[in-house]
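Colleague: Based on what follows, work out the 3D shape:
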Amino acid sequence: MKAAGQRTDDWARPWLEAEASDAFTDAITAVSWAPSGDALAAGSLGGEVRIVAGGGHEAPAPASSPIALHPGGALCLAWSHDSAWVASGGTDARLVVRHRRMGTGMEVELAGWVRSVAWSRDGWLAAAAGREVYGAHLDDGRWHTLAPHPGPVTALAWSDRSSPGLPSRLAVAGVGGLRWYEPSRDGEPVASRWEAAALLTMVVDAAAGTVAAGSLRGRVWVSGVGPGPCARAHGRLGPVRRLAWSRGASRLAAAEESRIAVWDHRRSRAAQPGRLQDAIAHPSAFVSLPAHPGGVSDVAWDPGGEILASVGADGHVALWKPDETRDPLQRIDLGEPLSCLAWRPDGTGLAAGGEAGSLHRLRLRHRPPTSRP
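Modeller: The predicted structure follows:
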């Protein structure tokens, strides 16, 4: 593995350096940092879900051994917001919830492959299997079955601040569009959008109360949580594989094929203040980044919202500042095709999962303008 990449200029720039690598039995399929930033969870095609400490060493027992096994492959995982619990799902049609330190928890048999799990800030856990969506609260553990989605569910996300005084809302995306639920109610959706779309991915900025969804046909839509404005993003794309909001929903990145599209809402909102439709669709807000030959696997903004990271089938992690240049700030070759990535919550580094089974951790440095790698 190379510890440094090629820089495109001599300015002062963020710079990634290899920190540690952990070996799994098969390709990494999901990776997520604990909100506390002191631990990292990863799942693999071999079925293991493990926790490693943020400092580069395996976490103490009992977390050093797999906290869950999903024969056939782990597909998704998520941390609770207090960093105490990890939920995971896989091709074995099981949802597994484990306490990080005590190892206690539960296992629930669902209706099919568990492709998505998500926690809300107030303790709700949601899981999707096929068309079915389930929710439970940590306080009582009773499972609620929500109304089935029109087609297979591809993504779940919570909006924790939809409006003052309102409960958390769950966004469910898939074939048949997007629906909003309040799991404490009777299980019926409270709102729906884009019913004719086959949505592949979806992301919610909980603080801004804004949702973006990408479709098989290359369309990207943006709307608020409630019945407010809705817009289709400007630009022609292929099937949208991943989406990522920057801090405060100021910029949106979409990964498709071998490029990344970025919309900068700050500039477009200045041009058309107060109108979400014009802000997201304004052509000057669109930037196309030639990213990873062979395909972009994942994209994510750093917690500060300034640096975009991407990984791809070419084995590279790339850092971008689309505001300044369409060239990457850095590419670092990790020696195997990469499938997923996640930023550490404090923005000091990131983790990337490899298809050969390596979980790579990298730290972020800043070098002075005159230094060279």
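Colleague: Give me the below-cutoff pLDDT ranges for the stretch 51-200 of the chain.
Modeller: For the stretch 51-200 of the chain, the stretches flagged by pLDDT under 70 are 54-64, 161-166.
Colleague: can you give me the strands in it?
Modeller: Under the criterion DSSP state E, counting those that start in this stretch, the stretch 51-200 of the chain contains strands at 68-69, 74-79, 85-90, 94-99, 105-109, 114-119, 124-129, 132-137, 143-145, 153-159, 169-174, 177-181, 191-193, 199-205.
Colleague: Neighbours of the residue nearest to Gly248 when sequence neighbours are not counted, how many?
Modeller: Of all residues not flanking Gly248 in the chain, Ala208 sits nearest, at 5.7 Å (C-beta to C-beta, 6 or more residues apart in numbering). C-beta: built from backbone N, CA, C; applies to glycine. Burial of Ala208 is recorded as 17 neighbouring residues (other C-beta atoms under 10 Å).
Colleague: Likewise for the one 5 residues further on?
Modeller: Ala213 has 28 neighbouring residues, counting by other C-beta under 10 Å.
Colleague: Settle this for me: it is touching Arg232, isn't it.
Modeller: No - assessed by C-beta atoms under 8 Å, Ala213 is found out of contact with Arg232, at 10.3 Å.
Colleague: Now list whatever residues contact both of these two.
Modeller: Val220, Trp221 (C-beta atoms under 8 Å, 6 or more residues apart in numbering).
Colleague: isn't the residue nearest to Gly248 right up against Ala249?
Modeller: Yes - taking contacts as C-beta under 8 Å, Ala208 lies within contact range of Ala249: 3.8 Å.
Colleague: What are the contacting residues of stretch 306-313?
Modeller: Here stretch 306-313 makes contact (C-beta under 8 Å, 6+ apart) with 14, 244, 246, 253, 255, 258, 260, 262, 291-302, 317-323, 329, 337-341, 343, 350, 352.
Colleague: among those, which ones are buried?
Modeller: By neighbour count, with 16 or more other C-beta atoms under 10 Å, the contacts of stretch 306-313 hold 14, 244, 246, 253, 255, 258, 260, 262, 291-292, 295-302, 317-322, 329, 337-341, 343, 350, 352 as buried.
Colleague: And Thr201, how far from Ala157?
Modeller: Taking C-beta to C-beta, to the nearest Å as the measure, Thr201 falls 10 Å from Ala157.
Colleague: what's around Ala309, how many residues?
Modeller: Ala309 has 26 nearby residues by other C-beta under 10 Å.
Colleague: in stretch 79-89, what's buried?
Modeller: Trp79, Ser80, His81, Ser83, Ala84, Trp85, Val86, Ala87, Ser88, Gly89.
Colleague: Which residue is the nearest non-sequential neighbour of the first one?
Modeller: Excluding its sequence neighbours, the residue lying closest to Trp79 (C-beta to C-beta, 6+ apart) is Ala34, at 5.0 Å.
Colleague: can you check the second one too?
Modeller: The spatial neighbour of Ser80 that comes closest, neighbours along the chain excluded (C-beta to C-beta, 6+ apart), is Trp119 at 4.9 Å.
Colleague: Name all residues that make contact with the one you found.
Modeller: Trp119 makes contact with Ala78, Trp79, Ser80, His81, Trp85, Ala87, Leu125, Ala126, Trp158, according to C-beta under 8 Å, 6+ apart.
Colleague: at 10 Å what do you get?
Modeller: Taking C-beta atoms under 10 Å, 6 or more residues apart in numbering as the criterion, Trp119 is in contact with 35, 78-82, 85-87, 97, 125-126, 138, 156, 158, 160, 168.
Colleague: which residues of the stretch 201-350 of the chain fall in helices?
Modeller: Applying DSSP state H, counting those that start in this stretch to the stretch 201-350 of the chain gives helices spanning 265-271, 276-281.
Colleague: Surely Asn241 is in contact with Gly295?
Modeller: No Asn there; residue 241 is Arg. Yes - between Arg241 and Gly295 there is a contact at 7.9 Å, judged by C-beta atoms under 10 Å.
Colleague: Backbone dihedrals for the residue lying closest to Leu237 once chain neighbours are set aside, both of them.
Modeller: Nearest non-adjacent residue to Leu237, counting by C-beta to C-beta, 6+ apart: Gly218, 3.8 Å away. Note on Gly218: its backbone torsions stand at phi 90, psi 20 [degrees, to the nearest 10].
Colleague: who's in contact with Gly218?
Modeller: Counting by C-beta under 10 Å, 6+ apart, Gly218 touches Leu200, Gly235, Arg236, Leu237, Gly238, Pro239, Val240, Ala254, Glu256, Glu257, Ala261.
Colleague: State the distance from Ser36 to Pro345.
Modeller: According to C-beta to C-beta, Ser36 and Pro345 sit 7 Å apart.
Colleague: Alpha carbons only: can I get the strand or helix carrying Pro14 in PDB?
Modeller: Pro14 belongs to strand 13-23 when elements are defined using DSSP states H and E. Included here for strand 13-23 are C-alpha records, laid out as PDB according to Å, rounded to 0.1, in the frame of the first residue of the first chain:
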ATOM      1  CA  ARG A  13      -3.700  21.400   1.100                       C
ATOM      2  CA  PRO A  14      -5.200  18.600   3.200                       C
ATOM      3  CA  TRP A  15      -3.100  15.400   2.800                       C
ATOM      4  CA  LEU A  16      -4.000  11.800   3.600                       C
ATOM      5  CA  GLU A  17      -1.500   9.400   5.200                       C
ATOM      6  CA  ALA A  18      -2.000   5.700   5.900                       C
ATOM      7  CA  GLU A  19      -2.600   4.900   9.600                       C
ATOM      8  CA  ALA A  20      -3.700   1.300   9.900                       C
ATOM      9  CA  SER A  21      -5.200  -1.600   8.000                       C
ATOM     10  CA  ASP A  22      -7.300  -4.500   9.400                       C
ATOM     11  CA  ALA A  23      -7.900  -7.700   7.500                       C
END
